[in-house]
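Student: Predicted model follows, preceded by the sequence.
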Amino acid sequence: MTARERFLRACRKQAVDRPPIWFMRQAGRYMPEYRALRREYSILEICKRPDLAAQVTATAVERLNVDAAIIFADLLLPAEPLGLELRYAAGEGPIVTPPVRDREAVAKLDGELRGRLGYVAEAIRRAQSALGSEMPIIGFAGAPFTLASYLIEGGASRDFRHTKAMLHGDPVAWSHLMEKLSPMIVEYLSEQVQAGAAAIQLFDSWAGALSEADYRRFALPFNQLIVGAVQDLGVPVIYFSTGTGGYLESVAATGAAVIGLDWRVSLGAAWRRLDYQPAVQGNLDPALLLAPLAELRSAARLILNEAGDRPGHIFNLGHGIWPETPVENVQALVAMIRNGAAQPQAEAGAATQPASAAPRARQRRVRK
Ligand code: CP3
């Protein structure tokens, strides 16, 4: 079974030989090749050079031996075509200026993409030719709530106070903002699908800052619109959020084929709550990649056990890989999943071998 078949079959809840595995943030700073490139280029330069973005994307897949690539890009790239300035300050994360805090600022945003994020689609094409057609490439975008929170706060935030001030103080401004962002995100994702993305992940990383009622009122309708439009193109959407364990049913109401779970919920209980309707992705705590391998193995095994042999589980973390993570531990985790998390000896060897030498022999059987 090719990686593409394994990944797409799991998205559609069809039987696979073993769960597909990939990692959120698999191409980031924890990887020495990426850090080396960053000494020469800024993150924005890497994003805007399709040759470099494709190279970063492909290197991660080759190093880790995973079943899917996620295109190297950033959630905040749409800030620029909207007419805002985007920069990344060392240690502070992204900064967006000027922050969009009222109706006038929303009205000034340019809602037309006009091909200005075309470098992402081009990077997908190049990554596909570097990796070959059997490797699925995941395109992505920020969900409107999470993207808007950066635009309104002007960067990262703990409590989202300006965002919430707009939601509750001027819901019309919020609607205008959502009505600008949502079609733009659809267009951006359509370009990625046309370029060959096999699936799309919608990152709603900070949705859990909202109560369920506010999620349903201020975020869900726009997520439904985007998920519906993308899935109408024939590719599955993975909807990922964190901190939403209290209202997973509302999260599943996005209609996404795959629901990405954070590590705070038990995968088995969460899936049951959703009546096994969507496929699920997750949900190992990224901190386990810094733990002793025996702990990593038992945590991985627990997740496999919770998923059982039910088709429709994509193994991933519950959020992105931490920058401090040793690459060897990520490789060891991939080897564990390839082996059903059961062979300590094989894993110990695999961690020190090139990823391509990871043992493949004792894969779990396809369940009919
Ligand atoms: O495998 C990959 O890493 C794919 C590329 C990718 C990046 N950003 C590159 C990046 C992806 C999938 C993202 C998504 C993203 N970006 C999200 C959603 C994912 C999540 O973790 O919830 C968010 C919220 C952002 C916004 C963003 N970009 C932040 C908060 C930061 C700073 C992070 C930090 O730890 O400092 C960025 C910068 C960024 N985007 C980096 C990378 C590899 C690191 C900065 C660098 O290279 O200097």
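Tutor: All right, it came through fine.
Student: Give me the below-cutoff pLDDT ranges for the stretch 151-300 of the chain.
Tutor: Along the stretch 151-300 of the chain, segments meeting pLDDT under 70 are nowhere present.
Student: ok, which residues in the stretch 151-300 of the chain are in contact with the ligand?
Tutor: By CB under 6 Å from any ligand atom, the residues of the stretch 151-300 of the chain that approach the ligand are 156, 203, 205. Using the backbone N, CA and C atoms, a C-beta is placed for each residue, glycine as well.
Student: let's see it at 8 Å
Tutor: Proximity of the stretch 151-300 of the chain to the ligand (CB under 8 Å from any ligand atom) is limited to residues 156, 201, 203, 205-206, 240, 242.
Student: ok, now the stretch 1-150 of the chain?
Tutor: Counting by CB under 8 Å from any ligand atom, the residues of the stretch 1-150 of the chain close to the ligand are 23-29, 34, 38, 42-43, 46-47, 56-57, 60, 70-76, 88, 90-94, 140, 142, 146, 150.
Student: Of those residues, keep whichever come out buried.
Tutor: 23-28, 34, 43, 46-47, 56-57, 60, 70-76, 94, 140, 142, 146, 150 (16 or more other CB atoms under 10 Å).
Student: Okay, and which of these map to strands?
Tutor: If you go by DSSP state E, these have 70, 94, 140, 142 in strands.
Student: quick one: which helix or strand includes the residue lying farthest from the centre of the chain?
Tutor: Distance to the chain centre peaks in the chain at residue 104, reaching 32.0 Å (criterion: CA atoms, centre = their mean). Using DSSP states H and E, residue 104 sits in helix 103-108.
Student: Just give me how far that helix sits from the chain centre.
Tutor: Centre-to-centre, helix 103-108 and its host chain are 29 Å apart (CA atoms, centre = their mean, to the nearest Å).
Student: What residues sit buried inside it?
Tutor: Neighbour-count burial for helix 103-108 [16+ other CB under 10 Å]: 105-106.
Student: Who are the packing partners of it?
Tutor: helix 171-194 (3 or more CB pairs under 8 Å, 6 or more residues apart in numbering; DSSP states H and E).
Student: Contact partners for the residue of the stretch 151-300 of the chain found nearest the ligand?
Tutor: Across the stretch 151-300 of the chain, the shortest distance to the ligand (CB to the nearest ligand atom) belongs to residue 205, at 3.1 Å. Contact analysis of residue 205 by CB atoms under 8 Å, 6 or more residues apart in numbering lists 75, 142, 146, 240-242, 319.
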